[in-house]
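Asker: I would like to see how this sequence folds:
(one chain, ligands or ions: 1)
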Amino acid sequence: MTLKERYEGVIGYFRTHVPVAETELNYSNPYELIVAVILSAQCTDKRINQVTPKLFKDFPTVEALAASNSDTIFQYIRSVSYPNNKAKHLVNMANMLLTDFDGVIPSEIEQLVKLPGVGRKTANVVASVIYEKPAMAVDTHVFRVSNRIGLTKAKTPLQSEQQLVKHIPQEFIATAHHWLILHGRYICLARTPKCGVCPLTPWCRYFKTQVIREDAPHSIGAPKSSAATSIGSVTKKQAVKKAGLTPQPGRKKTDGKVPAKKPSTKKSF
Ligand code: SF4
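Answerer: From the prediction side, this is the model:
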């Protein structure tokens, strides 16, 4: 299979079956989105959605956040990861927005990454979600899933971003970020990819090389050799078991599709 065919297959599947894919962070304007994305680093969206309602209620604007201080903000976000650093980042970010950007969240990646707490991933999320730019934010899910499927051969998030942007049609880049995140979050799990229910097996390099016999594509069988061939920290034997291709009592069945996004409650902006 050529790389082009692999991309066409994967993107084609998502276009048909997951036409709408959005961030699972709750927000109602650009200010709330950048705050939520900064908070979400190395933390779950679910946890962030638990703390942001009160934070946004008491600090509804850039000005209100800038007028606060990190000790106060810490009390609102103490249950998320790295609350000390993130509290400082949020207050400093709000102050820089006021002093350097007239309180407006910039649209260019190069400007966004100047803001405290905003790395390349956060900048790409903000640029693509707020300004609809063809920016690919690479988080741990996007990085892992892209490498496993064979869309990328990357050692760093930046390499992954560059390869994905090169091959995905521009109009689908922003949505592809969400497709890959959701697929990694619900199907292609880090330690236990659910290959047995995954709809991307026809185009997945990991499935072909690690889970089924290479001489019998698309059939489910034992690994060719009992020799432990590792991919990351997972051996072939482990991959078959973890992929759900051997009986596992009590394993929850799904139809292999990324769960439909719940109806959005976001306001437009
Ligand atoms: S077949 Fe397995 S490794 Fe490949 S994308 Fe699906 S869950 Fe991930």
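
Asker: can you pull out the helices in this protein?
Answerer: Under the criterion DSSP state H, helices of the chain are mapped to 3-17, 30-39, 45-58, 62-66, 70-77, 83-101, 109-112, 120-131, 140-149, 157-167, 173-186, 205-206, 236-242.

Asker: and the stretch 101-250 of the chain, which residues reach the ligand?
Answerer: Applying C-beta under 6 Å from any ligand atom, one finds that the stretch 101-250 of the chain approaches the ligand through 148-149, 187-188, 193-195, 198, 200-201, 204, 206-207, 243. From N, CA and C alone the C-beta is placed, and that goes for glycine too.

Asker: now a ChimeraX select for only the buried ones of those residues.
Answerer: This is how ChimeraX selects the buried members of those, with burial counted by 16 or more other C-beta atoms under 10 Å:
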select :148,149,187,188,193,194,195,198,200,201,204,206,207,243
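
Asker: with pLDDT and distance to Lys86 added, can I get the residues of the stretch 101-250 of the chain next to the ligand in CSV?
Answerer: Conversion of these to CSV gives the following (pLDDT from 0 to 100; distance: C-beta to C-beta, whole Å):
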residue, pLDDT, distance to Lys86
Arg148, 97, 30
Ile149, 97, 32
Ile187, 96, 29
Cys188, 97, 28
Pro193, 94, 30
Lys194, 95, 32
Cys195, 95, 35
Cys198, 96, 34
Leu200, 96, 34
Thr201, 95, 39
Cys204, 96, 35
Tyr206, 94, 34
Phe207, 93, 37
Ala243, 47, 36
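
Asker: I'd like to know how far the nearest residue to Ile105 once chain neighbours are set aside sits from Ala127.
Answerer: Counting by C-beta to C-beta, 6 or more residues apart in numbering, the nearest residue to Ile105 once its immediate chain neighbours are dropped is Pro30, at 4.8 Å. The gap separating Pro30 from Ala127 is 11 Å, by C-beta to C-beta, to the nearest Å.

Asker: can you check Val138 too?
Answerer: Val138 sits 13 Å away from Ala127, going by C-beta to C-beta.

Asker: could I get stretch 61-73 in CSV with only the CA atoms?
Answerer: Presented in CSV, the C-alpha positions along stretch 61-73 are these (Å, rounded to 0.1, in the frame of the first residue of the first chain):
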residue,chain,number,x,y,z
THR,A,61,-12.6,38.4,30.5
VAL,A,62,-9.0,38.8,29.8
GLU,A,63,-9.0,42.0,31.9
ALA,A,64,-10.5,40.2,34.9
LEU,A,65,-7.9,37.4,34.7
ALA,A,66,-5.1,39.9,34.3
ALA,A,67,-6.3,41.8,37.4
SER,A,68,-6.2,38.6,39.5
ASN,A,69,-3.1,36.8,40.8
SER,A,70,-1.7,33.3,40.6
ASP,A,71,-2.6,32.5,44.2
THR,A,72,-6.2,33.2,43.6
ILE,A,73,-6.4,31.3,40.3
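
Asker: tell me which residues are up against that stretch.
Answerer: Identification of contacts with stretch 61-73 by C-beta atoms under 8 Å, 6 or more residues apart in numbering yields 31, 35, 55, 58-59, 84, 87-88, 90-91, 94-95, 97-98, 103.

Asker: what's the answer for stretch 172-185, then?
Answerer: For stretch 172-185, contacts defined as C-beta under 8 Å, 6+ apart pick out 11, 14-15, 18, 21-23, 124-125, 128-129, 132-137, 139-142, 144-146, 164-165, 168, 190, 200, 258-259.

Asker: and what of stretch 148-168?
Answerer: Contacts of stretch 148-168 with the rest of the structure, by C-beta under 8 Å, 6+ apart, involve 3-4, 6-7, 10-11, 120-121, 124, 134, 136-139, 142-143, 146-147, 173, 176, 188, 193, 200, 203-206.

Asker: pull out the buried members of those residues.
Answerer: Of all the contacts of stretch 148-168 considered here, the ones buried according to neighbour count by 16+ other C-beta under 10 Å are 6-7, 10-11, 120-121, 124, 134, 136-139, 142-143, 146-147, 173, 176, 188, 193, 200, 203-206.

Asker: quote the end-to-end distance of stretch 128-135.
Answerer: The stretch stretch 128-135 measures 5 Å between its terminal residues, going by C-alpha to C-alpha, to the nearest Å.
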